[in-house]
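*Asks:* Sequence first, then the predicted structure:
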Amino acid sequence: MKEERIEDALGRLETLVNRLESGQVALDEAIELFEQGISEVTSLRARLDAAELRVTEVLERNGMLESRTIDPDA
Amino acid sequence: MTDVAAPPEDAATSRALTVTEFATRLTRHLGALSAFEIEGEVIGLKDRNGHRSFALRDATSRVSAFVYASLVAQLPFELVEGLFVRGRARVSYFGPHGQVQVTFETLVPRDEGPLQLALRQLTARLEAEGLFAPERKKPLPRFPVTVGVVTSKTGAVFRDIQQTIQRRWPGLTIQLYAVRVQGEDAAAEIAGAIRAFDRAGEADVILVGRGGGSAEDLWAFNEEIVARAIAESSIPIVSCVGHANDQTLADAVSDRSAPTPTAAAELVTPVTLEDVQALVASFERRAGSLLRRRVEGPRIRIATLLGRRVFREPSLLTKQNRERVDDVARGLVDAVTANREDAADVVDRARLRLHSANPLALLERGFAVVERASDRAVVRDPAEVATGDRVRIRVHGGEFDGEVL
């Protein structure tokens, strides 16, 4: 499965905080939202910390890109 | 050089020249003249099966002119009406039309380089097609996952792009499609790479560029095939060709153009790792303070409740009760001593008063008793509980659990 885009995770976090901010949610729901937010934050942090640049060289063959990794530091 | 109009050697015969004979002589005569440079304005341009015929003129004279299709095909620019041209030509006589004409062997614009003119003409054509229109420009993604790069594998451009992306948003995949960026095949390779990325559809944005160089070095980025590949790409393209003041056709057609590879790499990573980390932290802070505020209200209410006299001095309850019981007892005594009719009444009143004296009746009025869940001790002071302690809250209708925040 393709990894979820950071953009989407951030968007979800933003919606969550906005809902919390609206004051329209009941207390226990607010607590639930908060917990959900904290777990989003934790997994986002982990992803950001693990982010690593991948560099590949590609060429087209039969409409598909063939790639081989090249060392970014080379 | 012989006189064209001179009669043939057998002049004695006094035979007149036929027109064809005259034409043949004239043709031979003119053909013997060496090639010369001529310049003038192109007027009455016509396409004759790929060849071009027109009149070359200046302020006072004109002469028929002809360009073979083979030469037309080699011209980088388009021969157009009103253009001032110059070139090496030979003169000939074209019998069927009775015309003297110059036939060009080379042809260039008089007032600028052929490539400059070619570029100007191409630019005007693409402009008329609307290829530079601002509404055609595609927005760049905020968080690309894969960035396609079309440039030379060697040289500083790719290195600069790589380093900038590494610094700003390292969670990316860079796909390099290595191409030649100058020379005869460069334009076709660049266009091919762009189309390959577009077909594969893996990249979220494409960077196209090369480092600085002479106008000829950058020329591939002025070619129509490259401009069209960029214009037709469904993936947004950022160009960075040459130095800041080099403007190529590729730059004009691209969705964004950057003065340097570093600036281009910054455009495709509009949000940096630092930005996102700060954003995440701010979400966390906001959520935390929101929740605290949300919890603050009930907490104050509970604290106020706990601060009420009955909770602070529960002995009051028994003291009051005692007094009331005494009261009631007195009442009963009174009742017993009163006559029988009054007795029921008095008992009723007594029951009512007893009832109101019952500590549990306080609950009916909306008060609550808080006990520690661990040992069921009644909480009389906020200091008797700590955050996280489970408590049991007894109200009139029953009891429920809570947690101290």
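*Replies:* Nice, thanks for sending it over.

*Asks:* which residue packs closest to the residue of chain A found nearest chain B, ignoring adjacent ones?
*Replies:* Proximity of chain A to chain B (Cβ to the nearest Cβ) peaks at residue A:51, 3.1 Å away. For glycine as for every other residue, the C-beta is placed from the backbone atoms N, C-alpha and C. Nearest residue to residue A:51 in three dimensions, chain neighbours excluded: residue B:171, at 3.1 Å (Cβ to Cβ, 6 or more residues apart in numbering or on different chains).

*Asks:* And that neighbour, how close does it get to residue B:141?
*Replies:* 13 Å (Cβ to Cβ, to the nearest Å).

*Asks:* How many residues are close by residue B:56?
*Replies:* Counted with other Cβ atoms under 10 Å in any protein chain shown, the neighbours of residue B:56 add up to 25.

*Asks:* Who are the contact partners of the residue of chain A closest to chain B?
*Replies:* Listed by Cβ atoms under 8 Å, 6 or more residues apart in numbering or on different chains, the contact partners of residue A:51 are B:169, B:170, B:171, B:273.

*Asks:* From residue B:158, how far out is the last one?
*Replies:* Applying Cβ to Cβ, the value for residue B:273 to residue B:158 is 21 Å.

*Asks:* more neighbours, the two?
*Replies:* Using other Cβ under 10 Å, the more surrounded residue of residue B:273 and residue B:158 is residue B:158, with 24 against 17.

*Asks:* how much space is there between the closest residue in space to residue B:390 that isn't next to it in sequence and residue B:385?
*Replies:* Computed as Cβ to Cβ, 6+ apart, the closest residue to residue B:390 that is not its neighbour in sequence is residue B:373, at 3.9 Å. Applying Cβ to Cβ, the value for residue B:373 to residue B:385 is 10 Å.

*Asks:* Over to residue B:27?
*Replies:* 120 Å.

*Asks:* Comparing these two, which residue is more hemmed in?
*Replies:* For residue B:27 and residue B:385, the more surrounded residue by other Cβ under 10 Å is residue B:385, and the numbers stand at 19 against 16.

*Asks:* Model confidence for that one, exactly?
*Replies:* On pLDDT, residue B:385 comes in at 86.

*Asks:* Up against chain A, what does chain B have?
*Replies:* With the criterion set to Cβ under 8 Å from any Cβ of the partner chain, chain B comes near chain A through B:142-143, B:145, B:148, B:153, B:162, B:165-166, B:169-178, B:192-193, B:196-197, B:199-200, B:202, B:273, B:276-277, B:279-280, B:283-284, B:286-288, B:290-291, B:294-295, B:298.

*Asks:* same thing but 7 Å
*Replies:* B:142-143, B:145, B:162, B:165-166, B:170-178, B:196, B:199-200, B:202, B:273, B:276-277, B:279-280, B:283-284, B:286-287, B:290-291, B:294, B:298 (Cβ under 7 Å from any Cβ of the partner chain).

*Asks:* Among these, which lie within helices?
*Replies:* Among those, the members falling in helices (DSSP state H) are B:162, B:165-166, B:196, B:199-200, B:273, B:276-277, B:279-280, B:283-284, B:286-287, B:290-291, B:294, B:298.

*Asks:* Among those residues, name the buried ones.
*Replies:* Buried members of those, counted by 16 or more other Cβ atoms under 10 Å in any protein chain shown: B:162, B:165-166, B:196, B:200, B:273, B:276, B:280, B:283-284, B:286-287, B:290-291, B:294.

*Asks:* which of those sit farthest apart?
*Replies:* B:196 and B:294 (53.7 Å; Cβ to Cβ).

*Asks:* quick one on the thing from earlier: mutual contacts of residue B:373 and residue B:385, please.
*Replies:* Residues touching both residue B:373 and residue B:385 (Cβ atoms under 7 Å, 6 or more residues apart in numbering or on different chains) are residue B:391.

*Asks:* helices and strands of chain B: which one bottoms out on pLDDT?
*Replies:* Counting by mean pLDDT, DSSP states H and E, chain B has its least confident helix or strand at helix B:340-357, which shows a mean of 58.

*Asks:* on that earlier part again, can you read off the pLDDT for the residue nearest to residue A:51?
*Replies:* 83.

*Asks:* And residue B:111, by the same measure?
*Replies:* Confidence score, pLDDT, at residue B:111: 94.

*Asks:* The residue nearest to it when sequence neighbours are not counted: how many residues sit nearby?
*Replies:* In space, not counting the residues next to it along the chain, residue B:111 is nearest to residue B:84; the distance is 5.9 Å by Cβ to Cβ, 6+ apart. The number of residues packed near residue B:84 is 14, by other Cβ under 10 Å.

*Asks:* what about residue B:84, distance to chain A?
*Replies:* 45 Å (Cβ to the nearest Cβ, to the nearest Å).

*Asks:* give me every residue that touches that residue.
*Replies:* By Cβ under 7 Å, 6+ apart, residue B:84 lies in contact with B:39, B:41, B:109, B:110, B:111.

*Asks:* Could you tell me which of these count as buried?
*Replies:* Using 16+ other Cβ under 10 Å, the buried members of the contacts of residue B:84 are B:41, B:109.

*Asks:* Tell me the residue of chain B that sits nearest chain A?
*Replies:* When scored by Cβ to the nearest Cβ, chain B has residue B:171 as its residue closest to chain A, at 3.1 Å.

*Asks:* For residue B:165, see how far away that residue is.
*Replies:* 10 Å.

*Asks:* and if you look at residue B:154?
*Replies:* On the measure of Cβ to Cβ, residue B:154 and residue B:165 end up 18 Å apart.

*Asks:* One more: residue B:150?
*Replies:* Using Cβ to Cβ, one obtains 15 Å as the distance from residue B:150 to residue B:165.

*Asks:* neighbour-wise, which of the contacts of residue A:51 leads?
*Replies:* residue B:169 (26 neighbours).

*Asks:* quick one on the thing from earlier: from the buried ones among the ones in helices among the residues of chain B next to chain A, pick the one nearest residue B:256.
*Replies:* Looking across these and measuring by Cβ to Cβ, the closest to residue B:256 is residue B:165, at 15.6 Å.

*Asks:* Now for the closest one: which residues touch it?
*Replies:* By Cβ under 7 Å, 6+ apart, the contact list for residue B:165 reads A:53, B:147, B:172, B:174, B:265, B:269.

*Asks:* cool, and residue A:58?
*Replies:* A:65, A:66, A:67, B:175, B:176, B:177.

*Asks:* Go again with 8 Å.
*Replies:* Here residue A:58 is in contact with A:65, A:66, A:67, B:148, B:175, B:176, B:177, B:196 (criterion: Cβ under 8 Å, 6+ apart).

*Asks:* And for residue B:147?
*Replies:* Residue B:147 sits next to B:165, B:172, B:173, B:174, B:175, B:203, B:204, B:205, B:206, B:207, B:268 when contact means Cβ under 8 Å, 6+ apart.

*Asks:* Am I right that residue B:299 is in contact with residue B:387?
*Replies:* No: using Cβ atoms under 8 Å, residue B:299 is not in contact with residue B:387, being 10.3 Å away.

*Asks:* between those two, who's got more neighbours?
*Replies:* Shown here are residue B:299 and residue B:387; by other Cβ under 10 Å, residue B:299 has more neighbours (13 against 7).

*Asks:* Just give the closest residue to the more buried one, not the sequence neighbours.
*Replies:* residue B:405 (5.9 Å).
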